[in-house]
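**Q** model this:
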Amino acid sequence: MTNALKRPKWLVFGVLLSMILFSNYILYRTTLFGPVPDGAAVGSLFDLLVVVPLLTYFLILRKRYSLKYVGAVILAGYAAAYFIIPSSHFSQFAFLPYVIVVSEALFIGLELFIAYKILTKLPVLLKEYRRLNGINSLFLFNVKKAAESHFPNNRLGTVLITELVMFKYALFSWKKKLSIKNGDCFTYHQKTSVNAVYIMLIHAIAIESIGLHYWLHSWNAIVAYLILLANIYGILYFLAEINATRLTPFVLSDSHLLLQTGFSKSMYLPLEDIKEISYYDGPEKFSRQEMNEIFDARAPDLIQEKPLFEIVLKGPAEYELMYGIKRKASRIVLNVDEPEKFFQEVSNKFAQK
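**A** Numbering: from 1, shown residues only. The predicted structure is shown next:
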């Protein structure tokens, strides 16, 4: 058991999930165990609606992703139960869909309450946002700064603001232009195929949605529409990444280096925290252990090239992922479209500290 715990959490989770699904499947779909009592369905539902979400939270979501994904896991568990448990056993739990829908509605209601609190402070937030936007047109960074001053340590508020920002980038930023008045900006995507990566993913989701929706609709209309909404959300996310990548270059000022790669990850780095910057001369791929201490600020690419630069920090510094999830890194690797200018500018400002 000790050795198993040392393995990658995704592998442990996959093995445990497979065991749960397989054991429940053979219980009902084979004759190995003879007649299955009605009470067995209670145990199966406990596995799929309680044990699996708990495993997902502790092995995958905790300290990494938003708690809101637990709701999606519970829905997936219900769908698995619907497939695995025969209707003769499942029919006694006709109330379950209503319980799940009510639970999801309560969570959505909580998000709407947070939204109401944000709307009541909207004039103050807009004033602070406009002040920051007058300096640099970095939408995500400015919204986060404005929100943190009025909603400190509010995780649900952070989740909601992240989603609002995503919709802004995905739907209302196509004609926006970059404006940086304080500091030097460095693009990082023009020599990559990052837009092609996102367009391919959008294309794949769109095609998959059409076929999967019609197939699921013949089985369960509710599940079909839930999956369709999840796919639409995925498309909006990748559209947001395209615009965020275009509108958020790396920004170097006299006091800090702002590294925001698209929509999903960012780091505010005071120059005084830098130990050294150098051209990267290491292996092309990083080990799993190295990835735990590295902030990889490169944009996704069809063929990911080696980083151009490595920044070593004096100590672990914090960076942020989606939904306010925070991690720490002691090294940064990145690429830019103007490497020589970037290296010279950072070296000069770093030398002045």
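**Q** measure residue 225 to residue 75 for me?
**A** Distance of residue 225 to residue 75, given as C-beta to C-beta, to the nearest Å: 11 Å. Quick note: C-beta positions are derived from backbone N, CA and C, even for glycine.
**Q** of these two, who's got more company?
**A** Remark: of residue 225 and residue 75, residue 75 carries more neighbours, 20 against 13, as counted by other C-beta atoms under 10 Å.
**Q** neighbours of the closest residue to that one other than its chain neighbours, how many?
**A** Excluding the flanking residues, the one nearest residue 75 by C-beta to C-beta, 6 or more residues apart in numbering is residue 226, at 6.2 Å. Neighbourhood size, residue 226 [other C-beta under 10 Å]: 17.
**Q** what mean pLDDT does the host helix or strand of residue 226 get?
**A** Assigned by DSSP states H and E, residue 226 belongs to helix 221-247. The average pLDDT within helix 221-247 is 85.
**Q** mind checking pLDDT for residue 146?
**A** Note on residue 146: pLDDT of 74.
**Q** buried sites along the helix or strand harbouring it?
**A** For residue 146, the host element (DSSP H and E) is helix 139-150. If you call a residue buried by 16 or more other C-beta atoms under 10 Å, then helix 139-150 has these buried ones: 139, 140, 141, 142, 143, 144, 146, 147, 148.
**Q** is the first one in contact with residue 165, as I believe?
**A** If I follow you right, that is residue 139. Yes. Using C-beta atoms under 8 Å, residue 139 makes contact with residue 165 at a distance of 6.7 Å.
**Q** overlap of the contact sets of those two?
**A** Shared contacts of residue 139 and residue 165 (C-beta atoms under 8 Å, 6 or more residues apart in numbering): none.
**Q** burial of residue 257, as a residue count?
**A** What residue 257 shows, counting by other C-beta under 10 Å, is a neighbour count of 27.
**Q** just grab the bridge partners of it for me.
**A** Taking DSSP bridges as the rule, residue 257 bridges to residue 252, residue 269.
**Q** what about it, distance to residue 235?
**A** Between residue 257 and residue 235 the distance, using C-beta to C-beta, works out to 32 Å.
**Q** what ranges do the strands span in the stretch 201-350 of the chain?
**A** Secondary structure of the stretch 201-350 of the chain by DSSP state E, counting those that start in this stretch: the strands cover 250-252, 256-261, 265-270, 274-279, 294-296, 309-321, 326-334.
**Q** how about these in TSV, adding mean pLDDT?
**A** Shown next, in TSV, are the strands of the stretch 201-350 of the chain (pLDDT from 0 to 100):
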stretch	mean pLDDT
strand 250-252	93
strand 256-261	92
strand 265-270	92
strand 274-279	93
strand 294-296	94
strand 309-321	93
strand 326-334	93
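**Q** of those, which approaches residue 56 most closely?
**A** Nearest to residue 56, of all the strands of the stretch 201-350 of the chain, is strand 309-321, at 17.5 Å by C-beta to C-beta.
**Q** so what touches the closest one?
**A** Contacting residues not belonging to strand 309-321 are listed as 64, 259, 264-267, 269, 273-280, 282, 293, 295, 326-336, 339, 342-343 [C-beta under 8 Å, 6+ apart].
**Q** what pairs with it, and is each one parallel or antiparallel?
**A** With DSSP bridges as the test, strand 309-321 is paired with strand 265-270 (antiparallel), strand 274-279 (antiparallel), strand 326-334 (antiparallel).
**Q** send me the last one as CSV with only the CA atoms.
**A** Taking Å, rounded to 0.1, in the frame of the first residue of the first chain, the C-alpha atoms of strand 326-334 are listed here in CSV:
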residue,chain,number,x,y,z
LYS,A,326,-2.4,28.6,-6.3
ARG,A,327,0.8,26.7,-6.4
LYS,A,328,4.5,27.5,-5.8
ALA,A,329,7.6,27.2,-8.1
SER,A,330,11.2,27.9,-7.6
ARG,A,331,12.1,27.9,-11.3
ILE,A,332,10.4,29.4,-14.4
VAL,A,333,10.8,28.3,-18.0
LEU,A,334,9.5,30.3,-20.9
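**Q** what's the burial count for the nearest residue to residue 284 once chain neighbours are set aside?
**A** Excluding the flanking residues, the one nearest residue 284 by C-beta to C-beta, 6+ apart is residue 306, at 4.9 Å. Residue 306 is flanked by 13 other residues according to other C-beta under 10 Å.
**Q** what's the helix or strand following the helix holding residue 146 packed up against?
**A** Remark: after helix 139-150, the chain's next helix or strand is helix 155-172, criterion DSSP H and E. Secondary structure elements in contact with helix 155-172, counted by 3 or more C-beta pairs under 8 Å, 6 or more residues apart in numbering; DSSP states H and E, are helix 96-120, helix 139-150, helix 221-247.
**Q** give me the angle between the longest one and strand 256-261.
**A** Angle of helix 221-247 versus strand 256-261, following axes from the mean of the first three to the mean of the last three C-alpha atoms, to 10 degrees, is 140 degrees.
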